[in-house]
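Engineer: how would this look folded up:
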Amino acid sequence: MDTLHTIRSLAAAQFGGDADAIDVDVPVNQLGIDSLGLLEFLFELEDKFAVSIPPQSMPDVPTLRDVAAAVDMMLAARAQQPT
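Structural biologist: Residues are numbered from 1 along each chain as shown. Alright, predicted model coming up:
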């Protein structure tokens with residue numbers, strides 16, 4: 001699964017527009033996403049990837065590329081945990 005592609009597609013579905021037209025290197029706050037929309041988007045990401053994303057962590061991940069990298073790190077950490 002390509003995390004960045006999936007996040008871009010989810011952003012397009014939630015906020016409108018063409019997924020391929022979304023610049024993943026633009027700060028999230030410049031994509032026209034308000035704070036409530038961002039929270040809803042985080043919930044969508046949590047459901048899609050089965051991870052927990054604390055909203056307070058978002059200032060550390062200002063772009064969708066950063067969000068994808070953070071999700072990839074969470075998925076890798078989960079994969080390393082013993083079952």
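Engineer: Tell me where the chain has strands.
Structural biologist: Applying DSSP state E to the chain gives no strands.
Engineer: So for it, the centremost residue is which one?
Structural biologist: Val67 (4.4 Å; C-alpha atoms, centre = their mean).
Engineer: Please name the nearest non-neighbouring residue to Ala21.
Structural biologist: What sits nearest to Ala21 in space, not counting adjacent residues and going by C-beta to C-beta, 6 or more residues apart in numbering, is Ala12, at 8.0 Å. C-beta: built from backbone N, CA, C; applies to glycine.
Engineer: which ones are touching the one you found?
Structural biologist: Ala12 makes contacts with Asp18, Ala19, Ala21, Ile22, as judged by C-beta atoms under 8 Å, 6 or more residues apart in numbering.
Engineer: Which parts of this protein are helices?
Structural biologist: Secondary structure of the chain (DSSP state H): helices at 3-15, 35-49, 64-80.
Engineer: among the ones you listed, which is nearest Gln56?
Structural biologist: Closest to Gln56 of the helices of the chain is helix 35-49 (C-beta to C-beta; 10.7 Å).
Engineer: For that closest one, buried residues please.
Structural biologist: Within helix 35-49, the residues scored as buried using 16 or more other C-beta atoms under 10 Å are Leu38, Phe41, Leu42, Leu45, Phe49.
Engineer: which helices and strands sit right next to that helix?
Structural biologist: Secondary-structure packing of helix 35-49 (3 or more C-beta pairs under 8 Å, 6 or more residues apart in numbering; DSSP states H and E): helix 3-15, helix 64-80.
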